[in-house]
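> quick one, fold the following:
(one chain, ligands or ions: 2)
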Amino acid sequence: SLSDRLESVFKRFKGQGRLTEENIQEGLREVRLALLEADVNFKVVKQFVDRVREKALGQDVQGSLTPGQQVVKVVHDELVELLGGKTSAFDVKGSKPLTVMMVGLQGSGKTTSAGKLALYLRREHKMKPFLVPADVYRPAAIDQLTKLGAQIDVPVYPSSTDMNPVDICRDALQVAKDKGYDLVLFDTAGRLHIDERLMEELANIKAAVSPREILFVADAMTGQDAVNVAQSFDAKLEISGVVLTKMDGDARGGAALSIKSVTGKSVKFVGMGEKLSEMEVFHPDRIASRILGMGDVLTLIEKAQGEFSEDEAQELGKKFQKASFDFEDFRTQMRRLKKLGSLEGLLKLIPGMGKLTKQLGEMSVHEKEMKRVEAIISSMTMEERRKPEVLNVSRRRRIAAGSGTSLEQVNQLVKNFDQMRKMMQQVMGGKAPKGGMPQMP
Ligand code: GDP
Ligand code: MG
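Numbers count the residues shown, from 1 in each chain. Ligands and ions are numbered 1, 2, ... in the order given. Below you'll find the model as predicted:
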């Protein structure tokens, strides 16, 4: 990761009293490369690197931090600043209904994000959402939102393809008021490219319903393109914020950085998967950490807290840290984690785990495999779950038979579990407390 790279660049400067121009020049080369790799706009990168140089220059090397850590900290703080500093609150107070218009290119994730927002705002703010399909050009688009609504039990306006999108939105808003829905999500049409007629239509919808939020939905994987498109949408519609989708992929957050710098509009939510529960509030400090490759423990803990009680979440954190959990803990957590999305997605949030998920093999599993893993663990006795080391061949054979799996699969699970515990030990227990990472505010 970038943090590691900077660490090694700066290692040799350890013991010097002050960071000098020469010292940091080399490190900043790494920073520049990493940002470009993360697909940050090159102009933004240049400004950014200049500012970091200025800030880092002449700083005293603090006793507790190595020069490398210190520069990482400056870089991190500046990234957070660039991303908008504080988390951008979504305005849920104010007059009702709260009206939200989703705009963006086709395939960016508007429809999915509308469903995610409905679910999120109902759960977090007890809102009563109403979904409005205003993409009448593809019959499948109306179906898609209608199905999403049914899936999460949210009412959907009965649009049809022979209706005019502006009329749909105007009428839907009236229906929402009549029925007492306090959140109206307008899911608009997209095109593969910016299209004047579509822009005109969106402007007309905006004029008809005066939405409080116009969220531009951007696919993080499209990097710089997303930034240009954001600019066009903003020029025409004056967007109020951004939803950055598909951040569960390889995208490292460069688009977030550039969009904010270029349009001045903050990212408010990030999509972390196809499931409707896989959306998060955007936290600049966490994306900064992600760009620096430092993982995202806070998000992990918060996710866990949404699903567990605070005590349980702390317990989970501790067990991760001490790598002390056994199969019994694992099964309990797994049953709960299932509700949070994929285990793989969660593991990616742990520093250092991202690149290790591949090695986790059968542990970084999807639902089907998780069922099998659960079956295997359930066929163990309590003693075996608590003390995996007693699992000899005859016990494993019995477990395989009991769970309808093979001896190989049982062996694989035990082996992977053991590896995972070791990795957690290294990643959580070994590295962090040793001062391997700077203290983040
Ligand atoms: P729209 O054309 O803008 O309405 O886009 P959709 O909501 O239909 O999404 C397009 C595709 O992207 C669908 O296959 C979604 O499941 C997928 N998608 C949307 N958001 C995310 C996300 O955050 N992560 C991932 N992995 N896929 C997403
Ligand atoms: Mg759509």
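> now do the contacts for residue 212.
91, 94, 98, 99, 100, 240 (C-beta atoms under 8 Å, 6 or more residues apart in numbering). The way it works is simple: take the backbone N, C-alpha and C, and place the C-beta from them, glycine included.
> quick check: the last one touching residue 265?
Yes - taking C-beta atoms under 8 Å as the definition, residue 240 is a contact partner of residue 265 at 7.1 Å.
> coming back round to it: as JSON lines, the contacts of residue 212 with distance to ligand 2 would be great.
As requested, the contacts of residue 212 are exported to JSON lines (distance: C-beta to the ion, whole Å):
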{"residue": "91", "distance to ligand 2": "24"}
{"residue": "94", "distance to ligand 2": "27"}
{"residue": "98", "distance to ligand 2": "21"}
{"residue": "99", "distance to ligand 2": "18"}
{"residue": "100", "distance to ligand 2": "15"}
{"residue": "240", "distance to ligand 2": "19"}
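> just the buried residues of those residues.
Neighbour-count burial (16 or more other C-beta atoms under 10 Å) applied to those gives 98, 99, 100, 240.
> now the third one: closest residue in space that isn't a chain neighbour?
Yep, that's residue 100 we're talking about. residue 213 (4.5 Å; C-beta to C-beta, 6 or more residues apart in numbering).
> I'd say the one you found and residue 243 touch.
No - using C-beta under 8 Å as the test, residue 213 is too far from residue 243 to be in contact (10.2 Å).
> neighbour-wise, which of the two wins?
residue 243 (25 against 17; other C-beta atoms under 10 Å).
> show me which residues of the stretch 1-150 of the chain sit near ligand 2.
Residues of the stretch 1-150 of the chain lying close to ligand 2 by C-beta under 5 Å from the ion are 110, 111, 141.
> let's see 8 Å
106, 110, 111, 112, 135, 141, 144, 145 (C-beta under 8 Å from the ion).
> surely the second one meets residue 185?
Looking back up the chat, that one is residue 110. No - here residue 110 does not reach residue 185: they are 9.7 Å apart, not a contact under C-beta under 8 Å.
> mutual contacts of those two, please.
residue 102.
> more neighbours, these two?
Between residue 110 and residue 185, counting by other C-beta under 10 Å, residue 185 is the more crowded of the two (35 against 28).
> assign a three-state SS to the residue at the greatest distance from the centre of the chain, would you?
The C-alpha centroid of the chain is most remote from residue 394, which lies 43.2 Å away (C-alpha atoms, centre = their mean). Here residue 394 takes the helix state, with states given by DSSP: H, G, I helix; E, B strand; the rest coil.
> kindly report the same for residue 192.
Once three-state DSSP is applied, residue 192 turns out coil.
> just want the phi and psi numbers for it.
phi -70, psi -30 (degrees, to the nearest 10).
> tell me how far stretch 133-143 lies from the chain's centre.
27 Å (C-alpha atoms, centre = their mean, to the nearest Å).
> from the protein, which residue is nearest to ligand 2?
Closest residue of the chain to ligand 2, C-beta to the ion: residue 111 (3.3 Å).
> surely that residue and residue 148 touch.
Yes - using C-beta under 8 Å, residue 111 is in contact with residue 148, at 6.8 Å.
> which parts of stretch 226-245 are buried?
In stretch 226-245, counting by 16+ other C-beta under 10 Å, buried: 226-227, 229-231, 233-234, 236-237, 239-245.
> pull the number of nearby residues for the residue of the chain found nearest ligand 1.
Using C-beta to the nearest ligand atom, the closest approach of the chain to ligand 1 is made by residue 271 at 2.4 Å. Look at residue 271: counted by other C-beta under 10 Å, it has 25 neighbours.
> got a list of what it touches?
So residue 271 contacts 109, 112, 113, 116, 243, 244, 245, 246, 247, 248, 278, 279 (C-beta under 8 Å, 6+ apart).
> just residue 105 next, same as before
190, 191, 192, 193, 194, 219, 229.
> which strand or helix spans it?
Counting by DSSP states H and E, no helix or strand carries residue 105.
> ok so, going back, ramachandran coordinates for the residue nearest to residue 100?
phi -120, psi 130.
> what's the answer for residue 159, then?
Per degrees, to the nearest 10, the backbone of residue 159 is at phi -70, psi 160.
> and it, how far is that from residue 133?
Separation of residue 159 from residue 133 (C-beta to C-beta, to the nearest Å) stands at 4 Å.
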